[in-house]
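Visitor: Just a sequence and a predicted model for now, questions to come.
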Amino acid sequence: MPKKIPQPPSAFLVGNVGEIDPEFPLGSFERLADLYGPIYRLDIVGRKQIFISSQELVDEVCDEKNFDKGVQGALVELRNLLGDGLFTAYNDEPNWALAHQILMPAFSPAKLRSLFPNMHDIASQLILKWERFGEDYRINAAHDFTRLTLDTLALCSFDYRFNSFYTEEMHPFVEAMVNVLLEAGHRSQRVPIQQSLMFRTTRKFHQDIAYIHELCDQIVKTRREQPTDAKDLLNMMLNGRDKATGQQLSKENIRFQMVTFLVAGHETTSGLLSFAFYYLLSNPYALQKAQSEVDQVTGGEPVTLDHIFKLPYIDAVLKETLRLQPTAPFFTRKVKATEGRTNYIFKNGEYEVGAHDVISVIIGKLHRDSKVWGEDAEEFRPERMLEGKFEALPPNSWKPFGSGLRACIGRSFAWQESLLTVAMILQKFDMEKADPAYDLRIRQTLTIKPNDFYMKARVRKNVRAPRALSVDIVGHKAAKEAEVLLKETITGSQDKGGERKLTILFGSNAGSCESFADRLASDASNYGFSATTATLDSATEALLSTNPVAIICSSYEGQPPDNARQFVAWLTGPSVSDTLKGVKYAVFGCGHTGWAQTYQRIPILIDETLHEKGAERLLYRGCADAAGDFFGEFDEWENKFWCMMQDKFGAGSKSTQGTSTADDVDAGSAANVTSTFQVQVLSSNRATVLSHQKFEYGAVVDNRELTSNVLKCGGMPKRHLEIKLPEGMTYRAGDYLGVMPVNPIHDVKRVLYRFKLPVDANIMIKTEKRTFLPTNLPIPVHTVLGGYVELNQPATRRQLDTLRLLAPAELQSAFSRFNDADYNTEILNKRVSVLDLLELYPAHPLEFGQFLSMLPPMRMRQYSISSSPLWNPSHVTLTIDVLKSPAISGHETKLGVASTYLSRTSPGEMVACFVRPSAAEFHLPLDPTVPIIMVATGSGISPMRGFIQERAAMVACGREVGKALLYFGCRNAEEDFIYRDELQRWTALGAVQVRPCFSRGSGVPTPPASPSSYPDRPTQHKYVYEAMYADREELKEMFIDGARFYVCGSASKLAKSVRETFIRIYREMKGVGEEEAQKWFEELKGVRYATDVFG
């Protein structure tokens, strides 16, 4: 007997409307699919609807013998605009068959070929706009691609020009269309009585429809008054006849068909192009392959019709884009009406649907079915569409254009237009995200598009590209002048004042490398150089030999930073050969030895690749370890860098002539500090609020203790925070939340006391140097000290030199001692800051402006999210250690900057934050039945809690999930066994089995109220690796069943011991040696074994 289709609990009258986010319904439907599985039912204000998402079920409903299109919900409301046009007609309406027969010839291969010149015309307007607006212009991708596709559709189909590229604002048609699409969706979710009271909204809805209809009627009127013999779509509508009956389309139906094509014909294609460039710019390897394909196929000549059918990789990019983001995210089916049929039972016999049930296919979930697409289904990988793989897919696995007779009639039109547009853009420009940190956000009407996605377009250099467009429209001379201007913008030239030019390129996620780049640029004038800074991505295909280049870059789990990904892909790609000869460079890398396997990977790759491909290395690569003397190592490298630069290139007008020594550089640094900032203390005026460009503001919802503030067992107190994310920000279990903190008020007051500044003082910073601080405006001193600078970083050797040079004679020896053999033990290891030293030596005459100029910028902190979007898609939780440690004086307390800041926030308080995706492998398997083994200690339980919470939510909705084990290392069962009650509930639910280990105190926690529910069996082991080894037979079985392994905690302790345990178990299981076991483990990492570790 078929099972009941799962359904969330319903509310009176409105049913399941409360489950649906009215601004982003797609996200709600996908979330419900994660919770309830591949089929579920909703009651939407009395309308029953079934949603499916697996290839197995979709394949059945695409069978034209048993199912056909269902028109329901928003489509019914959209009939107010589209009537019985091709998209919204009911299956038994005669106008559908009539229009389909008359209009199909408009999309024949021969007809599409004839439309190519018009498509090229509109695409050229887009290219010209971007070229004229320049490389700093922020391109709103969705807006400009909407202009493109609307104008293309109108010109090709109706010989009508909207001329969208000649106005700043979008054409009124677009606004009216968006309003109608949004309102149609909203109307479908309202109860009748509610809708009847929406007087103003209803009036606006019908006014927008009337405007669109009038526009179409005017186009028809013009054509009737000025007829042509064009064989375009409009003439087919006006003059076409059914071959059998001779019947023509009615005047009303012509209007409906025109609107259908204008709306559906451009809206989905503009979304496709917008998403395609988002994915290309987020995956530089794909961008490089696509651009190389265009270059190879076109040979620098203008893109032709023949070219676009020789671009298999770009074709694959478009297919992969529509797999991940089908711009029309649903299609609907219903049981085909036949005599006597009342229902349909799916082949597996599990579910039954009635003849009146409408079934919505969630295409995005279908396209992520791991049984078809694999465990990397969330990843953008165009290669899955090449070499026969696309053709070999199971039937009905890829359905972005709908299904059967009612599938999109204009698919080939959209595909030709998209191939042409992508090819022309990549041939002409190097594209980049305007904000490298942008993560995809989606705006939904009835279709979907990226929200607030901006790009920049830089005219390509060092490639053969067609000049025809620039020469014909703006002239060859103007084009050459633009090229020279662009080149100088990126690479610079010899300064007329005699200074030598230096280009500084950085790749940075957290901001450290960017701050080092700014500091290097700020110091440049002291040595006779004029420096410009830019992202590494801005130097893609533009790394010229005009000036020496300093590159400062980090790695992010072995991958390039967001604003260096295109550069690295270009540098390591096949297109770079001898183009780097003459480039002179030096590389400095930032990293953390806690990530030993990928430490300095990208800086090393850049340095070695530049050298291998002909560039001249000016200085051996420098490196800074965030686990050590991070800032001091940069100071040391910078000293060597300037000595090399003056020796190699000579000094400019502002530098002392001759070769500099290290002592000269140190003295210059001290002089630089004494003159960098002039600070004027002003009257109180607290009006400036700190802002960071990459961050948005989330609201604290909850902040509670997980442990007491003082733990007898040692360790740090822990807290749980809940934060409401900024609107549109999304996450997955396992991701990170980046937070921009504020210094503890205690430390700010220490500075105010040291320099005798009033707490309500304003300051104004004036400097000719580059600085991250706000200049030339009054700003509260506590705002600068609280949010702009790091107060507790260990003093660097350079800072100690400055303090020594400015100190009176009686203090010189003390600072010399610190900067000599005792530096590591007395300063670095004890994390003694400049502020600490000034308090130790209150007689030091350092002025406030000098102190401020010595400090590094406040940096972002990153925390693993400890929740799942299945719990709440718009809220995240954090599990934090509140860091406290004794200070050098013995009676002060060192406070962790971010943890103290977060621990003291209150509900309602705003926190600057953003979501950063974790490594692809540190997410749950797409198939929830895959077993998982989680290992964590302390606050390292954060991502594991999110994983368990996600699986528990699925279990609560009736889904089957795989076995899950959690090995959780604590110190004491009664003091720091955090989330104990939650883990007990989730264990009782069957979502997880918990194996706690206690390194201090009792190994068995106090029995719960229900002894059978938790733990599944108590452990007497102190450490998790001991418990894992004891459970090795169970772990072997889970490994054979395909289990995935996750580790979060200390790199030097937990990760190391777990690794050794895994290798030991494998050696014993297989009877192999250490070397073979190590090789096996390395192959396992990144595939089935993922770590999130810290120093």
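Guide: The structure has been received and is ready for your questions. Numbers count the residues shown, from 1 in each chain.

Visitor: Next, Asp1041: phi, psi?
Guide: Backbone geometry at Asp1041, expressed as degrees, to the nearest 10, gives phi -80, psi 0.

Visitor: phi, psi of Thr503?
Guide: Here the main-chain torsion angles of Thr503 (degrees, to the nearest 10) amount to phi -100, psi 130.

Visitor: isn't it right up against Phe529?
Guide: No - with contact defined as Cβ atoms under 8 Å, Thr503 and Phe529 do not form a contacting pair (10.3 Å). C-beta here means a position set from N, CA and C on the backbone, and glycine is covered the same way.

Visitor: end to end, how far does stretch 590-609 reach?
Guide: For stretch 590-609, the first and last residues are 18 Å from each other (Cα to Cα, to the nearest Å).

Visitor: do you know how far Leu1054 is from Thr937?
Guide: As defined by Cβ to Cβ, to the nearest Å, Leu1054 lies at a distance of 5 Å from Thr937.

Visitor: Please disregard the earlier target; I meant Asn776.
Guide: Where Thr937 is concerned, Asn776 sits at a distance of 49 Å (Cβ to Cβ).

Visitor: Comparing the two, which shows the higher neighbour count?
Guide: In this comparison of Asn776 against Thr937, neighbours counted by other Cβ atoms under 10 Å, the higher total goes to Thr937 at 21 against 8.

Visitor: Would you map out the domains in this protein?
Guide: Structural domains annotated on the chain: 94-454, 482-660, 920-1094, as defined by automatic domain parsing.

Visitor: Look at the spatially most central residue of the chain and tell me its secondary structure.
Guide: Nearest to the geometric centre of the chain sits Asp439, at 2.8 Å (Cα atoms, centre = their mean). Here Asp439 is recorded as coil under DSSP: H, G, I helix; E, B strand; the rest coil.

Visitor: I'd like to know the predicted local confidence at it, please.
Guide: Per-residue pLDDT puts Asp439 at 86.

Visitor: Against Asp747, how distant is it?
Guide: In terms of Cβ to Cβ, Asp439 sits 32 Å off from Asp747.

Visitor: Gly786 now?
Guide: Spatial separation of Gly786 from Asp747 under the definition Cβ to Cβ is 9 Å.

Visitor: so what's the nearest residue in space to Gly511 that is not next to it in sequence up against?
Guide: Closest residue to Gly511 in three dimensions, ignoring its sequence neighbours and counting by Cβ to Cβ, 6 or more residues apart in numbering: Arg859, at 5.4 Å. With contacts taken as Cβ atoms under 8 Å, 6 or more residues apart in numbering, Arg859 has the following neighbours: 510-512, 515, 790.

Visitor: Would you mind listing which of the residues you listed are buried?
Guide: Taking 16 or more other Cβ atoms under 10 Å as the criterion, what is buried in these is 510-512, 515.

Visitor: Closest one to Phe914 out of the residues you listed, please.
Guide: Ala510 (11.3 Å; Cβ to Cβ).

Visitor: Per-residue pLDDT of the nearest residue to that closest one once chain neighbours are set aside, please?
Guide: Here the nearest residue to Ala510 in space, its sequence neighbours aside, is Met860; by Cβ to Cβ, 6+ apart that works out to 4.9 Å. Met860 carries a pLDDT score of 86 in this model.

Visitor: State the distance from Met860 to Asp435.
Guide: According to Cβ to Cβ, Met860 and Asp435 sit 15 Å apart.

Visitor: the more surrounded of those two?
Guide: For Met860 versus Asp435, the count of surrounding residues by other Cβ under 10 Å is larger for Met860: 20 against 17.

Visitor: separation between the more buried one and Gln195?
Guide: The spacing between Met860 and Gln195, counted by Cβ to Cβ, is 46 Å.

Visitor: before we move on, back to that, export the domains of the chain to TSV and append columns for distance to Met854.
Guide: TSV is the format used below for the domains of the chain (distance: least, Cβ to Cβ, whole Å):
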stretch	distance to Met854
domain 94-454	28
domain 482-660	10
domain 920-1094	28
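
Visitor: Which one of the ones you listed lies nearest to Ile880?
Guide: Of all the domains of the chain, domain 920-1094 comes closest under Cβ to Cβ, at 6.3 Å.

Visitor: Rounded mean pLDDT for that closest one, please.
Guide: 87.

Visitor: Quick one: the strands in the stretch 351-500 of the chain, in order.
Guide: With DSSP state E, counting those that start in this stretch as the definition, the stretch 351-500 of the chain shows strands at residue ranges 352-354, 358-362, 429-433, 442-444, 448-450, 454-459, 500-507.

Visitor: contacting residues around the first one?
Guide: Strand 352-354 is touched from outside by 2, 5, 50, 335, 342-346, 359, with contacts defined as Cβ under 8 Å, 6+ apart.

Visitor: Relative to Gln101, how far out is Ile409?
Guide: 11 Å.

Visitor: what do you get for Glu768?
Guide: Taking Cβ to Cβ as the measure, Glu768 falls 75 Å from Gln101.

Visitor: which one of the two has more residues nearby?
Guide: When Glu768 and Gln101 are compared for neighbours, Gln101 comes out ahead with 16 against 10, by other Cβ under 10 Å.

Visitor: Quick check: which element contains the spatially closest residue to that one that is not a sequence neighbour?
Guide: What sits nearest to Gln101 in space, not counting adjacent residues and going by Cβ to Cβ, 6+ apart, is Asp242, at 6.0 Å. Remark: Asp242 resides in no helix or strand, with elements defined by DSSP states H and E.

Visitor: so Asp242 sits right up against Leu98, yeah?
Guide: Yes - using Cβ under 8 Å as the test, Asp242 is close enough to Leu98 to be in contact (5.8 Å).

Visitor: So between those two, which is more surrounded?
Guide: Here Asp242 and Leu98 are compared on neighbour count by other Cβ under 10 Å; more neighbours surround Leu98, at 21 against 14.

Visitor: Once you drop chain neighbours, what's closest to Glu696?
Guide: Per Cβ to Cβ, 6+ apart, closest to Glu696 is Pro726, 3.8 Å.

Visitor: Correction: the previous question concerned Thr771.
Guide: With Cβ to Cβ, 6+ apart as the measure, Ser522 is the residue that lies nearest to Thr771, at 6.8 Å, once sequence neighbours are left out.

Visitor: so how far is the longest helix along the chain from its chain's centroid?
Guide: Secondary structure assigned by DSSP state H gives helix 251-282 as the longest helix of the chain. When C-alpha coordinates are averaged (Cα atoms, centre = their mean, to the nearest Å), helix 251-282 and its chain have centres 25 Å apart.

Visitor: so that helix versus strand 429-433, what angle?
Guide: Orientation of helix 251-282 against strand 429-433 (axes from the mean of the first three to the mean of the last three Cα atoms, to 10 degrees) gives an angle of 80 degrees.

Visitor: Strand 454-459 and helix 251-282, what's the angle between them?
Guide: 70 degrees.

Visitor: after helix 251-282, next one along is what?
Guide: Trace forward from helix 251-282 with DSSP H and E and the next one is helix 284-298.

Visitor: what helices or strands is that next one leaning on?
Guide: Applying 3 or more Cβ pairs under 8 Å, 6 or more residues apart in numbering; DSSP states H and E, one finds that helix 284-298 contacts helix 251-282, helix 312-324, helix 411-428, helix 565-571.

Visitor: and the last one, what's its mean pLDDT?
Guide: Averaged across helix 565-571, pLDDT comes to 87.

Visitor: Show the pLDDT at Phe453.
Guide: Looking at Phe453 specifically, the model assigns a pLDDT of 96.

Visitor: want to throw the helices and strands packed on helix 284-298 into TSV with distance to Phe133 and mean neighbour count?
Guide: Formatted as TSV, the entries for those read as follows, by distance: least, Cβ to Cβ, whole Å; neighbours: other Cβ atoms under 10 Å:
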stretch	distance to Phe133	mean neighbour count
helix 251-282	16	24
helix 312-324	24	22
helix 411-428	13	23
helix 565-571	20	25
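
Visitor: No more questions from me, cheers.
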